[in-house]
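**Q** Quick one, what's the 3D model for this:
(chains A and B)
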Amino acid sequence: MNTKVELCGVSLKNPVLTASGTFGFGREYNEFYDVGKLGGIVGKGLTLEPREGNDGVRIAETSSGILNCVGLQNPGVEAFIKDELPFMRKLGCAVIANAAGSVISDYERMAERLSETDVDMIELNISCPNVKSGGMAFGVLPKSVEEVTAAAKKHCKKPLIIKLSPNVADITDNARAAEQGGADAISLINTITGMAVDLYSRRPILGNVTGGMSGPCVKPVALRMVRQVCKTVSVPVIGIGGIMTAKDALEFILCGAVAVQVGTANICDPMAALKIVEGLEAEMKKCGIEDINELRGALQD
Amino acid sequence: MKDIAVRVTANEKLYDGAYIMTVEGDMPPFRPGQFAMVETPLGERILRRPFGIVDADDRSCAFIYQVKGEGTEALTHLRYGDALKVMMPLGNGFPLSSGKVAVVGGGFGVAPLLSVAKSCKAAGAEVRIYNGFASVEREMLSGLFAEYGTLTVCTDDGSAGYHGFPFAALESDMNDGFAPDVIMCCGPAPLMRAVKKLGESRGITTYLSLEQRMGCGVGACLTCTCKVDGHNKRVCKDGPVFLSTEVQP
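**A** Sure thing, here's the model as predicted:
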């Protein structure tokens, strides 16, 4: 059976990537299993300078999901290149750097700097809901999505993935804007903005009051948006949102995604991403396919 | 650290809202003060719960847990033979000491300290334990603690033992000449703040085991951070045990 897919000229041994912010740079999970068996890793979101992230409680739970407000804590792009990338490169899977910024020139400089390294692709986070002007500002209006994409693309020598926010009026407008700006691929969805409160203390649970919701509870929203975007743009789409099993992963591929990212599942089960990879062939058999590429976009809607 | 398939061997109520659970499986060695991430049987509560390891050997492990919400409530219904996933051992744990050791616990915070007292005693330490509870009904593990050192049980309401907080009992012993080389503490934040102040004012190396809402438990998701020397560190991976001088509990 073939699980190999091609994403922007990069060959992935399977379509299972890890979602940014849920997998560090792969070190922690490589103690549980050979992370090189995954299709690839999308690293923790990077900024030009190191960031401490938000104070206070950063995680809450809801039915079939979680909310987080980490706030882009990261060691900065230079520390990533020096301390993390050499390790990631040795794992034997694709390495995708995730970059965020507060102003357009941040994205330009991040794209330029990361293009000088041996990452396979660059994913632009224009949709972090937990930082003031932490990218979300660029992710909301189609015009600014196009602007930031075009600006980063000019400085980018690697395939450029634009990660879209679901907290928008019409996801297809934003996807089209990213494509027009020169995106080589689109990934979605980032987290859905939400909140959790403590009835008895009458306080919000999260230090940042609001946070990004993820996990199985967002999967129907993600599937709907991935399907809409796949019908709108011609660049490859990476599906993200509540993928816990191989079956979930294939559902996104059925809706048109070339690859998927597994996020919250890693936090719940350290073996989750590997189990999804290992479960692909059994599910493909149930679907009656030999090649995973046969399933892509085959939804009869 | 490993993700281990275990079977529940016991799950008993200590008092309303407090349970002790033992599980059986292929348990890896652990250091005192390390913790486990325990799956709940309620599918919609997808995060694991961080529990201090009370004691463990290569076949079994014991946890004490507090019922806080739906996930831990669902755990109370597990019975002998039920299957569960447990990821452990996690975090750094307490250092081993063979000198004079003061162990200070409050409420559920006493759970990870039993193995601390046990291992220090085995290393030849003089161990004095100060465990505080709201009342005698909430006292736990005293029989076991007493085997590993001189135990002073403290209650907030005076219903058993020393009437007052455990740091005050320790301070009183120190005023009477007890000079610990190290203090190891786990408990509610106000207790840890008092122990930090006491230890630092007397120049005694003091370790605190912190608690925070946790995600992955292995250091990847960066949700359980605390300030260490002004920077955000991971309670699950860089801790949960920190030098008192590094943190503000």
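
**Q** Can you name the residues of chain B sitting close to chain A?
**A** B:1-3, B:43-48, B:71, B:85, B:87, B:212-216, B:218-225, B:227, B:231-232, B:237 (C-beta under 8 Å from any C-beta of the partner chain). For the C-beta atoms, the positions are set from N, CA and C on the backbone; glycine is no exception.

**Q** Keep only those of those residues that are in helices.
**A** By the criterion of DSSP state H, membership of the residues of chain B next to chain A in helices covers residue B:71.

**Q** Need the buried ones from the residues of chain B next to chain A selected in PyMOL.
**A** The PyMOL command for the buried members of the residues of chain B next to chain A (criterion: 16 or more other C-beta atoms under 10 Å in any protein chain shown) is given here:
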select buried, chain B and resi 1+3+44+45+46+47+48+71+85+87+212+213+214+215+216+218+219+220+221+222+223+224+225+232+237
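
**Q** Contacts made by the longest strand along chain B with the rest, please.
**A** Using DSSP state E to assign secondary structure, the strand with the most residues in chain B is strand B:2-15. Contact with strand B:2-15 is made by A:32, A:269-271, B:19-28, B:60-61, B:64, B:75-76, B:78-88, B:137-138, B:140, as judged by C-beta atoms under 8 Å, 6 or more residues apart in numbering or on different chains.

**Q** Next step: these restricted to helices.
**A** Assigned to helices by DSSP H, the following of the contacts of strand B:2-15 qualify: residue B:75.

**Q** Only whichever of the contacts of strand B:2-15 are buried, select them in PyMOL.
**A** Buried residues within those, by 16+ other C-beta under 10 Å, are selected in PyMOL with:
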select buried, (chain A and resi 32+269+270+271) or (chain B and resi 19+20+21+22+23+25+27+60+61+64+75+76+78+84+85+86+87+88+138+140)
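
**Q** Sitting in strands, which of the contacts of strand B:2-15 do you find?
**A** If you go by DSSP E, the contacts of strand B:2-15 have B:19-24, B:60-61, B:64, B:83-88 in strands.

**Q** Can you tell me which of those is nearest residue B:163?
**A** Comparing the ones in strands among the contacts of strand B:2-15 against residue B:163 with C-beta to C-beta places residue B:64 closest, at 24.1 Å.

**Q** Quick check: that closest one touching residue B:52?
**A** Yes: applying C-beta atoms under 8 Å, one finds residue B:64 in contact with residue B:52, separated by 7.3 Å.

**Q** where do the contact lists of those two overlap?
**A** Joint contacts of residue B:64 and residue B:52 (C-beta under 8 Å, 6+ apart) are B:108, B:111.

**Q** Can you mark which positions in the helix-or-strand element of chain A with minimal mean pLDDT are buried?
**A** With mean pLDDT, DSSP states H and E as the measure, the helix or strand of chain A carrying the lowest mean pLDDT is helix A:136-140 (a mean of 77). By neighbour count with 16+ other C-beta under 10 Å, helix A:136-140 contains the buried residues A:136, A:137, A:138, A:139, A:140.

**Q** what residues does the next helix or strand after that helix touch?
**A** Next along the chain after helix A:136-140, taking DSSP states H and E as the criterion, comes helix A:142-154. Residues outside helix A:142-154 that contact it (C-beta under 8 Å, 6+ apart): A:104-105, A:107-108, A:110-111, A:122, A:124, A:126, A:137-139, A:160, A:162, A:164, A:173-174, A:176-178, A:180-183.

**Q** now do 6 Å
**A** Helix A:142-154 is contacted from outside by A:104, A:107-108, A:111, A:124, A:126, A:138, A:160, A:162, A:173-174, A:177-178, A:180-183, using C-beta atoms under 6 Å, 6 or more residues apart in numbering or on different chains.
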